[in-house]
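Engineer: only the shape, not the letters, is given here:
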């Protein structure tokens, strides 16, 4: 009897283990994996990576990357994980294989293999390509498996490996087999670090294994620049090559070395010295102009109108500035190196600035892949004037949001560089003047004048200039608590030297309540912020507002005949410290009028994690004040 119990216990243990054990080889999908209805540690997950393993081998003449992945789909929102892509450089080959979708049908495992038409390639630019595939027959409950291999010639830095993503990762293992003759700098990002083991091999190679299990999904939070900046990952940058019998070669050891290498590209530094293609035209552009500011604006506007951006990034020219000028289209390097050369020709101290766009992320350690964009800078006694001619609505020191990414490197004529801040110093402003009449039934009518400057004006133009009036007004009404808008007029839409100005009349039936002969009115009406965007108790990432702002509202509310003011919010001044911002709410009753002035300033483009509690509290107090009511009572 005793031995029988032991046999039963052993059987149960083995059965339980076989259900819960994870097989990290393709083709071994279990019924238990297909039956799983939700992720055991994240029940809200729409999908999960059951395992992801990667191996990289580097040699003198080639680099090979092999990746195997198994994904579980829990909900329809997770179907997007059936679409996979790999970005690669020209000269690299990418092949997807063993791509199979598994479903449980009538208690049996059904396999659907990827067909040849399920994968295809795309061109991103002259140097970058994208290989894509779409898994077939995906349903709730499906398990997807695939692998891909990347082959490149020569010695390349291994591609960044992400242990973490927007869904849970049960198991992630990354192995690198790197020759001792190749020296790499390792960079880890994120807040979760893998277990690392190293093994020396006989053939002058080192096998390093990075392992993480039960990795939680990376959570998006309000005002995050690029979530990849904070996602757990590892990258390698090749710093030197020292093969026997060959000359020692050193690469990007510091920022100056990185910039020097880029400057020496034929498609960068040499392009700055070409002027013959524009000289005759430029003489006419700057003829009669006497001040430096006049010349800067004239040249910037000329380049913006003459050469259209083809949406390709990069720090080097694809076809060269001369061809871009002739064809009237080019990539970012061709346009802004051309701008720099024209400014220099006009006698202005101008240099290119290398930067990493927000989508490319923030690179802390020096490496050749750190930068993917170039703008122009004019040096003046007070600092720099930054210019980007790819964006037709940009102005001096008013750059597209994609450019505003911490720091860049100004490149001088001798190839040396200096770090420059890309964060705007000037407050971009929204100024609203609004007069409101409250009817005796509480219905509100009013007139508003709204003015936007600098980055706020640029953002507005980018979003709305090409939008039809009907579509814009529909969105305006919807985002303004469903007011009714009439008599809409917009000024200075294309005059970049002036702020955007909107005026319109409105009817508001949502921002008041009529309760027992008392009217409860929101002081800011539809301009009122309803909730705090910062809900997390603990913030893991810096808060990135993009640029400092000032919102200023001047509001006059007329009290209807037959009513008197019963109560109104108190004036208040809240400070989050000079480095963060302030909020002023001033309210005054003057006979049958209530005058309100609200000024909110965010002085910092980026607020650190350490200051998050102060910022969260500041926003909550500000929103609480805005949501207090003016109470009018019938007399």
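Structural biologist: It's in. Predicted model only: the values in this text are computed from it and were never measured.
Engineer: who's in contact with the closest residue in space to residue 395 that isn't next to it in sequence?
Structural biologist: Nearest residue to residue 395, sequence neighbours excluded (CB to CB, 6 or more residues apart in numbering): residue 496, at 5.3 Å. C-betas here are computed from N, CA, C, even on glycine. Contact partners of residue 496, counting by CB atoms under 8 Å, 6 or more residues apart in numbering, are 393, 395, 457.
Engineer: and the last one, backbone torsions?
Structural biologist: Okay, so that is residue 457. Per-residue torsions, residue 457: phi -70, psi -40 (degrees, to the nearest 10).
Engineer: could you check the distance from residue 384 over to residue 378?
Structural biologist: Relative to residue 378, residue 384 is positioned 7 Å away (CB to CB, to the nearest Å).
Engineer: of the two, who's got more company?
Structural biologist: Using other CB atoms under 10 Å, the more surrounded residue of residue 384 and residue 378 is residue 378, with 24 against 19.
Engineer: helix or strand with the lowest mean pLDDT in this structure?
Structural biologist: helix 2-20 (a mean of 38; mean pLDDT, DSSP states H and E).
Engineer: sec struct for residue 513, please.
Structural biologist: strand (DSSP: H, G, I helix; E, B strand; the rest coil).
Engineer: when you give positions from now on, start the count at 730
Structural biologist: New numbering, starting at 730: the last item is residue 1242.
Engineer: how about it, nearest residue that isn't a chain neighbour?
Structural biologist: Closest to residue 1242 by CB to CB, 6+ apart is residue 1249, at 4.3 Å.
Engineer: count of residues packed around that neighbour?
Structural biologist: For residue 1249, using other CB under 10 Å, the count is 15.
Engineer: need the pLDDT of it.
Structural biologist: For residue 1249, the pLDDT comes out at 94.
Engineer: make sure I have this right: it is in a strand.
Structural biologist: Yes - per three-state DSSP, residue 1249 lies within a strand segment.
Engineer: so how far is residue 1036 from it?
Structural biologist: 57 Å.
Engineer: which one (most neighbours) among the contacts of residue 1225?
Structural biologist: Counting by other CB under 10 Å, top hit in those: residue 1186 with 24 neighbours.
Engineer: for that residue, give me its contacts.
Structural biologist: 1127, 1157, 1225, 1228-1229.
Engineer: one step back: in JSON lines: the contacts of residue 1225, plus distance to residue 1356.
Structural biologist: JSON lines is the format used below for those (distance: CB to CB, whole Å):
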{"residue": "1122", "distance to residue 1356": "35"}
{"residue": "1124", "distance to residue 1356": "36"}
{"residue": "1186", "distance to residue 1356": "29"}
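Engineer: which among the residues you listed gets closest to residue 850?
Structural biologist: Nearest to residue 850 among the contacts of residue 1225, counting by CB to CB, is residue 1122 at 33.6 Å.
Engineer: you'd agree that closest one is up against residue 1187?
Structural biologist: Yes - between residue 1122 and residue 1187 there is a contact under CB atoms under 8 Å: 5.4 Å.
Engineer: what's the end-to-end length of stretch 1317-1327?
Structural biologist: 12 Å (CA to CA, to the nearest Å).
Engineer: buried set for it?
Structural biologist: 1323, 1325, 1327 (16 or more other CB atoms under 10 Å).
Engineer: contact partners of that stretch?
Structural biologist: Under CB under 8 Å, 6+ apart, the answer for stretch 1317-1327 is 1252-1253, 1280-1288, 1294, 1297, 1300, 1312-1316, 1355, 1359.
Engineer: turn the buried ones among those residues into a named ChimeraX selection, would you?
Structural biologist: Buried residues among these (16+ other CB under 10 Å), as a ChimeraX selection:
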select :1252,1253,1280,1281,1282,1284,1286,1287,1288,1294,1297,1312,1314,1316,1355,1359
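Engineer: pLDDT at the residue most central in space within the chain, what is it?
Structural biologist: The residue lying closest to the centre of the chain (CA atoms, centre = their mean) is residue 955, at 3.9 Å. You'll see residue 955 listed with a pLDDT of 92.
Engineer: quick check: it vs residue 949, distance?
Structural biologist: Going from residue 955 to residue 949 by CB to CB gives 11 Å.
Engineer: cool, residue 809 as well?
Structural biologist: Taken as CB to CB, the span from residue 809 to residue 949 is 15 Å.
Engineer: residue 847 too?
Structural biologist: Residue 847 is 29 Å from residue 949, by CB to CB.
Engineer: which of these two has more neighbours?
Structural biologist: residue 847 (15 against 9).
Engineer: how about that one, phi and psi?
Structural biologist: Residue torsions, per degrees, to the nearest 10, at residue 847 are phi -90, psi 0.
Engineer: again, but for the one 4 residues further on
Structural biologist: Summarising the backbone geometry of residue 851 under the convention degrees, to the nearest 10, its torsions are phi -130, psi 150.
Engineer: lovely, talk soon.
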